[in-house]
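Enquirer: A predicted structure for the sequence below; I have some questions about it.
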Amino acid sequence: MTRQNNAGGQDVKEGYDSVVSIEIHVQLNTASKLFCRCEAAYGEEPNSRVCPVCLGLPGSLPVLNEKAVEMAVRTALALDCTIHERSAFDRKNYFYPDLPKSYQIMQHYLPIATGGRLEIETRDGQMVVKIERVHIEEDAGKTVYLDETGETLIDFNRCGVGLLEIVTRPWVTKPAEVHAYLNAVKRLFQYIEVSDCDMEKGNLRCDTNISVMPHGSTKWGTRTEVKNLNSFRAVRRALEYERNRQIRVIESGARVVLETMLWDDARGETLPQRSKEEAHDYRYFPEPDLPPLTVSPELIDRTRSEMPELPAARRQRFMEQYHLPTSDADVLTAEKALADFFEETLKHHDKPKTVSNWVMGEVLREMNERSQTADSLGLKPQHLAELVKLVESGTITGTTAKKVLSAVLDTGKTPSLIVEEEALAQSFDEGQLRTWVQQAIAENPRAVQDYKNGKKTAAQFIVGQAMKKSRGQANPRIVLGLVEQLLSSL
Ligand SMILES: [Zn+2]
């Protein structure tokens with residue numbers, strides 16, 4: 001049985017379950033790299049943040065960044081993992097131009113933490129994703145291919161920057177759940193301030209493994225690994241594509257081969273990278289230049305006591321403390337910066353539901369339109385509070401307030417100043433309001449006729465026209481009264 005699927009128009013076969021595991025690589029936002037003092041910075045002049053250690057020059061020795069260890073411990077606690085007092089680093093050997101040492105230092109045999117869990121919200125309710133392991137590793141450099149000239153350039157600025165890898169256990173799942181998991185991880189990392197998870201900067205990268213099996217079976221199929229996933233959308237599309245491809249292979253009587261696939265986002269398909277026969281033998285062995293990593297119980301206790309509030313707890317608190325509906329709490333806590341902005345605004349104006357409506361409505365709209373985040377939008381909490389107060393006191397109408405918000409963002413001026421400079425205060429002046437209403441009635445004889453014929457909603461149209469004449473500044477309640485009064489006297 002098949003049905004059309006709206007993602008890419010591929011057939012989605014029913015009767016099969018997918019088993020998926022996800023590896024997420026997150027770039028730590030430490031000031032310096034993992035094993036040297038070079039600045040871990042994005043977008044700088046290529047090869048300007050390098051030293052003998054991260055260039056792998058002979059005789060240089062790595063020194064572990066303690067901040068990176070603290071961040072790994074914080075992450076492990078947030079994911080409810082068991083933290084190992086003793087872990088170690090290994091060498092993963094492979095040759096690639098952007099890896100000058102010809103090996104990557106990472107934790108292969110003894111990761112810093114194992115066995116965690118993360119609760120996620122899906123359309124079908126809450127579910128738990130089990131975490132297999134969390135380990136520390138260093139990043140490679142960046143290879144840039146120039147199509148025009150056929151040249152290959154290498155930037156080593158990223159080489160040696162600290163990463164955390166979070167690996168889930170395989171679970172029977174759907175693409176939507178995977179999407180929810182990825183979002184939950186991203187949110188968590190932002191909350192615990194370990195990474196900003198900016199995918200455009202490559203701060204969060206994923207690989208996945210997927211296999212399919214007949215629905216209800218307990219014997220997993222042969223998996224393939226899918227790499228080169230640069231957005232959550234790509235993960236979703238790649239999993240859907242690979243699932244269908246594997247089912248087609250099985251239904252044709254052939255066998256799925258254990259191999260690594262690369263996702264081609266432009267073509268919307270996976271292509272084999274290398275089969276198992278050609279797979280790398282990474283010849284892992286313990287890193288001789290670093291002592292075993294010891295995480296003291298004191299560090300774990302201190303990190304636990306300093307742990308910031310996590311997304312799920314904050315969402316719950318928003319519902320209880322501010323009496324907000326679940327939908328509000330979901331939206332407001334989806335991003336830490338937005339939740340912070342909301343709570344800061346409340347310090348200036350303690351009306352949670354009103355402020356929530358503004359944040360979820362106009363503030364989010366402005367963020368989307370301007371392609372900004374809550375952080376980068378540049379709206380001050382006290383300015384939003386002031387704007388809400390101007391509406392509540394009747395100084396300006398809701399319509400005007402939207403314009404004022406835009407102007408605040410454009411100019412950085414306070415709402416009060418903009419209202420004063422642009423003379424936007426709401427008009428209660430009956431003489432002026434009456435003129436606007438009379439004009440609206442005179443210009444719309446048809447609506448007037450409709451009203452006389454018993455179509456009472458025509459009055460709303462006249463109100464709208466009068467409001468327009470006032471540029472949104474007329475008090476709508478008074479206008480409505482005037483419209484009804486004048487219409488019925490005709
Ligand atoms: Zn360096």
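Expert: Yes, it's here.
Enquirer: mind listing what residue 325 touches?
Expert: Applying CB atoms under 8 Å, 6 or more residues apart in numbering, we find residue 325 in contact with residue 319. The way it works is simple: take the backbone N, C-alpha and C, and place the C-beta from them, glycine included.
Enquirer: same for whatever helix or strand residue 328 lives in, what does it pack against?
Expert: Element membership for residue 328 (DSSP states H and E) is helix 326-333. When contacts are defined as 3 or more CB pairs under 8 Å, 6 or more residues apart in numbering; DSSP states H and E, helix 326-333 packs onto helix 311-321, helix 336-348, helix 352-358.
Enquirer: nearest to the ion, out of the ones you listed?
Expert: helix 336-348 (30.2 Å; CB to the ion).
Enquirer: packing partners of that closest one?
Expert: helix 175-191, helix 311-321, helix 326-333, helix 352-358, helix 381-392.
Enquirer: what parts of the protein come near the ion?
Expert: Applying CB under 5 Å from the ion, we find that the chain lies next to the ion at 36, 38, 51, 53-54.
Enquirer: I'd say residue 37 and residue 49 touch.
Expert: No. Counting by CB atoms under 8 Å, residue 37 stays clear of residue 49, with 10.1 Å between them.
Enquirer: who has more neighbours out of those two?
Expert: Each of residue 37 and residue 49 has its neighbours counted (other CB atoms under 10 Å); residue 49 has more, 23 against 12.
Enquirer: and the more buried one, what does it touch?
Expert: Residue 49 neighbours (CB under 8 Å, 6+ apart): 33, 38-41, 157.
Enquirer: now do stretch 422-431, average pLDDT.
Expert: For stretch 422-431, mean pLDDT rounds to 78.
Enquirer: C-alpha coordinates for that stretch, PDB please?
Expert: What follows is stretch 422-431, C-alpha atoms only, in PDB (Å, rounded to 0.1, in the frame of the first residue of the first chain):
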ATOM      1  CA  GLU A 422       4.500  61.800  15.500                       C
ATOM      2  CA  ALA A 423       1.500  63.100  17.400                       C
ATOM      3  CA  LEU A 424       0.100  59.600  17.500                       C
ATOM      4  CA  ALA A 425      -1.900  59.900  20.700                       C
ATOM      5  CA  GLN A 426      -5.400  58.500  20.500                       C
ATOM      6  CA  SER A 427      -8.100  61.000  19.700                       C
ATOM      7  CA  PHE A 428     -11.000  61.400  22.100                       C
ATOM      8  CA  ASP A 429     -11.900  64.800  20.600                       C
ATOM      9  CA  GLU A 430     -15.600  64.300  19.700                       C
ATOM     10  CA  GLY A 431     -15.600  67.200  17.300                       C
END
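Enquirer: what's the angle from the longest strand along the chain to helix 311-321?
Expert: Longest strand of the chain, by residue count under DSSP state E: strand 125-138. In terms of direction (axes from the mean of the first three to the mean of the last three CA atoms, to 10 degrees), strand 125-138 departs from helix 311-321 by 140 degrees.
Enquirer: related to what we said a few turns ago, could you dump the helices and strands packed on helix 336-348 into CSV and include mean neighbour count?
Expert: As requested, the helices and strands packed on helix 336-348 are exported to CSV (neighbours: other CB atoms under 10 Å):
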stretch, mean neighbour count
helix 175-191, 20
helix 311-321, 16
helix 326-333, 19
helix 352-358, 19
helix 381-392, 20
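Enquirer: could you export those helices as CSV, including mean pLDDT and distance to residue 282?
Expert: Shown next, in CSV, are these (pLDDT from 0 to 100; distance: least, CB to CB, whole Å):
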stretch, mean pLDDT, distance to residue 282
helix 175-191, 92, 25
helix 311-321, 94, 35
helix 326-333, 94, 40
helix 352-358, 97, 51
helix 381-392, 95, 50
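Enquirer: adding distance to residue 63, write those out as JSON lines.
Expert: Formatted as JSON lines, these follow (distance: least, CB to CB, whole Å):
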{"stretch": "helix 175-191", "distance to residue 63": "25"}
{"stretch": "helix 311-321", "distance to residue 63": "34"}
{"stretch": "helix 326-333", "distance to residue 63": "38"}
{"stretch": "helix 352-358", "distance to residue 63": "47"}
{"stretch": "helix 381-392", "distance to residue 63": "41"}
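Enquirer: correct me, but residue 159 touches residue 54?
Expert: Yes. If you go by CB under 8 Å, residue 159 and residue 54 touch, sitting 5.0 Å apart.
Enquirer: between these two, which contacts overlap?
Expert: Joint contacts of residue 159 and residue 54 (CB under 8 Å, 6+ apart) are residue 100.
Enquirer: got the contact list for the residue of the stretch 301-450 of the chain found nearest the ion?
Expert: Of all residues in the stretch 301-450 of the chain, the one sitting closest to the ion is residue 303 (26.3 Å; CB to the ion). Neighbour list for residue 303: 70, 73-74, 77 [criterion: CB under 8 Å, 6+ apart].
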